[in-house]
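Chemist: Fold the stuff below for me.
(one chain, ligands or ions: 1)
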Amino acid sequence: METIIDKSLEELFEEKIANEIRIEPKDWMPDQYRKTLVRQISQHAHSEIVGMLPEGNWITRAPSLKRKAILLSKVQDEAGHGLYLYSAAETLGTSRDQMINDLHSGKAKYSSIFNYPTLSWADIGAIGWLVDGAAIMNQVPLIRTSYGPYARAMVRVCKEESFHQRQGFEIMMTLCNGAPAQKKMAQEAFNRWWWPTLMMFGPKDEESPNTEQSMRWKIKRFTNDELRQRFVDMMVPQAEFLGLTVPDKDLKWNEVKNGYDYGDVDWEEFWNVVKGNGPCNKDRINTRVKAHEEGAWVREAAMAHAEKRARREAEKQVA
Ligand code: FAQ
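Modeler: This next block holds a predicted model:
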């Protein structure tokens, strides 16, 4: 009879992956699996944190008290997502300080989309509708990712992102049903955000170095191109409902594939933004570094408080 002892740790790991059994922090895992997860989860966390900035830019200028309260709460949700994700990455043995240093030094990536400016209030609608829409398309399958803490973090993140997308769509609907100037503002925001949103899904499959192995390990459940196609198919009818024109002259329904054909994404622009040369890259990182430095006293005070409490507890036990 085959026993557990007969199997190598690697075989056991592969068996769990094949049988859809989650990998947990204390389980043995290949080094490369661990590295891939730290890379993806920490980049995802950084995206949530940096992602607060384009929307944060409009909190003081939201058009009504209600809109302001909703936006404030959405931006706080993104902070929460970043924190769950840093915690999930920490279970793989990397420290939060290290991850944050990597973000601040430019070593770690974050989503290209957050390097674009929010020029009008309609951009806030477009981010909720398109960017959160893309985030959901990408993250709902991650609820079934093979690493337990990441999969569990995704459950709550996706629930909140769904609410975010609805609020973005509702902003767009209000603008599209408003005055001609409001409709124009919505169309202009749509034109600005459509292509960068398609880039969020990452490079084309044949140019994506990580997809094949990540699919084999069930870290990713769909390829970049598969998710991008699903997103286009989901969004085009929504744009039509809003009365907006998709800024793509090559967009066309393809009966054979039962989906839309769409134009070429400007991959040169994508890599340029990923390499740090997008419209807002420097500003985003400088803002994060400044916030971190200005928050040093909070971290120090929290540590001093925790140490004092631990000392008191220890003294109580001795007495
Ligand atoms: N931007 O081989 P692949 C959100 C990099 S959260 C920058 O295809 P992979 C919430 C990639 O890292 C949005 N870099 O890589 C919100 C790799 O570089 P590396 C973030 C990108 O990992 C909403 C290289 O290119 N979501 O929106 C991008 O298999 C509203 C080659 O690429 C996640 O992070 C990009 N767009 O697939 C917040 C979801 N794409 O690391 C506020 C989880 C690729 O080898 C407001 N992540 N790169 O140096 C994933 O699903 C995957 O990591 C992908 C990339 C699909 C992003």
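Chemist: C-alpha from now on. contacts and neighbour counts both.
Modeler: Noted.
Chemist: Which positions in the stretch 51-200 of the chain make contact with the ligand?
Modeler: The stretch 51-200 of the chain has residues 51-52, 78, 109-112, 131-132, 135, 138, 199-200 near the ligand, with proximity defined as C-alpha under 6 Å from any ligand atom.
Chemist: Generate a markdown table for those, with neighbour count as supplementary columns.
Modeler: Listed next are those as a markdown table, based on neighbours: other C-alpha atoms under 10 Å:
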| residue | neighbour count |
| --- | --- |
| G51 | 24 |
| M52 | 20 |
| E78 | 21 |
| K109 | 19 |
| Y110 | 21 |
| S111 | 20 |
| S112 | 25 |
| V131 | 26 |
| D132 | 24 |
| A135 | 20 |
| N138 | 24 |
| M199 | 22 |
| M200 | 19 |
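Chemist: TSV please, covering those residues and showing pLDDT and distance to Q187.
Modeler: Formatted as TSV, these follow (pLDDT from 0 to 100; distance: C-alpha to C-alpha, whole Å):
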residue	pLDDT	distance to Q187
G51	98	22
M52	98	23
E78	97	26
K109	97	30
Y110	98	27
S111	98	23
S112	98	22
V131	98	16
D132	98	18
A135	97	21
N138	97	25
M199	98	19
M200	98	20
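Chemist: between those residues, which is nearest K290?
Modeler: M52 (14.6 Å; C-alpha to C-alpha).
Chemist: can you list the weak-confidence ranges in the protein?
Modeler: Applying pLDDT under 70 to the chain flags residues 1-6.
Chemist: where do the helices sit along it?
Modeler: Counting by DSSP state H, residue ranges of the helices within the chain are 9-18, 31-50, 52-56, 65-90, 96-105, 121-126, 132-139, 148-176, 180-199, 211-216, 224-242, 267-272, 281-294, 296-318.
Chemist: among the ones you listed, which is the most enclosed?
Modeler: Mean neighbours per residue, mean count of other C-alpha atoms under 10 Å, is largest over the helices of the chain for helix 121-126, with a mean of 26.
Chemist: if we can go back for a sec, list just the one of the helices of the chain that sits closest to P25.
Modeler: Comparing the helices of the chain by C-alpha to C-alpha, helix 148-176 comes nearest, at 7.8 Å.
Chemist: And that closest one, how far out from the chain middle?
Modeler: Distance of helix 148-176 from the chain centroid (C-alpha atoms, centre = their mean, to the nearest Å) equals 11 Å.
Chemist: What helices and strands are in contact with that helix?
Modeler: helix 65-90, helix 121-126, helix 132-139, helix 180-199, helix 224-242 (3 or more C-alpha pairs under 8 Å, 6 or more residues apart in numbering; DSSP states H and E).
Chemist: so the longest one versus helix 96-105, what angle?
Modeler: The directions of helix 65-90 and helix 96-105 differ by 120 degrees, with axes from the mean of the first three to the mean of the last three C-alpha atoms, to 10 degrees as the criterion.
Chemist: got the angle for helix 65-90 vs helix 148-176?
Modeler: 160 degrees.
Chemist: and the angle for helix 65-90 with helix 31-50?
Modeler: Using the same axes, to 10 degrees: helix 65-90 against helix 31-50 is 160 degrees.
Chemist: that older thread, rebuild the helices and strands packed on helix 148-176 as JSON lines, extending it with distance to S105.
Modeler: Below are these laid out as JSON lines (distance: least, C-alpha to C-alpha, whole Å):
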{"stretch": "helix 65-90", "distance to S105": "17"}
{"stretch": "helix 121-126", "distance to S105": "28"}
{"stretch": "helix 132-139", "distance to S105": "25"}
{"stretch": "helix 180-199", "distance to S105": "23"}
{"stretch": "helix 224-242", "distance to S105": "27"}
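Chemist: closest to E20 out of those helices?
Modeler: Closest among those, using C-alpha to C-alpha: helix 132-139, at 17.8 Å.
Chemist: which residues are contacting the closest one?
Modeler: 154, 158, 161-162, 164-165, 197-198, 200-201, 227, 230-231 (C-alpha atoms under 8 Å, 6 or more residues apart in numbering).
Chemist: wait, which of the residues you listed is closest to the ligand?
Modeler: Using C-alpha to the nearest ligand atom, M200 comes nearest to the ligand of the contacts of helix 132-139, at 3.5 Å.
Chemist: got the contact list for the closest one?
Modeler: M200 sits in contact with 111-113, 134, where contact means C-alpha under 8 Å, 6+ apart.
Chemist: Can you tell me which of those residues is nearest K68?
Modeler: I113 (22.4 Å).
Chemist: re the thing from before, with distance to V256 as added columns, please give the helices of the chain in CSV.
Modeler: Output for the helices of the chain, formatted as CSV (distance: least, C-alpha to C-alpha, whole Å):
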stretch, distance to V256
helix 9-18, 33
helix 31-50, 34
helix 52-56, 39
helix 65-90, 39
helix 96-105, 44
helix 121-126, 30
helix 132-139, 23
helix 148-176, 30
helix 180-199, 22
helix 211-216, 26
helix 224-242, 14
helix 267-272, 26
helix 281-294, 40
helix 296-318, 57
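Chemist: Quick check: which of those helices is nearest to D261?
Modeler: It's helix 224-242; of the helices of the chain, that one is closest to D261 (C-alpha to C-alpha) at 8.5 Å.
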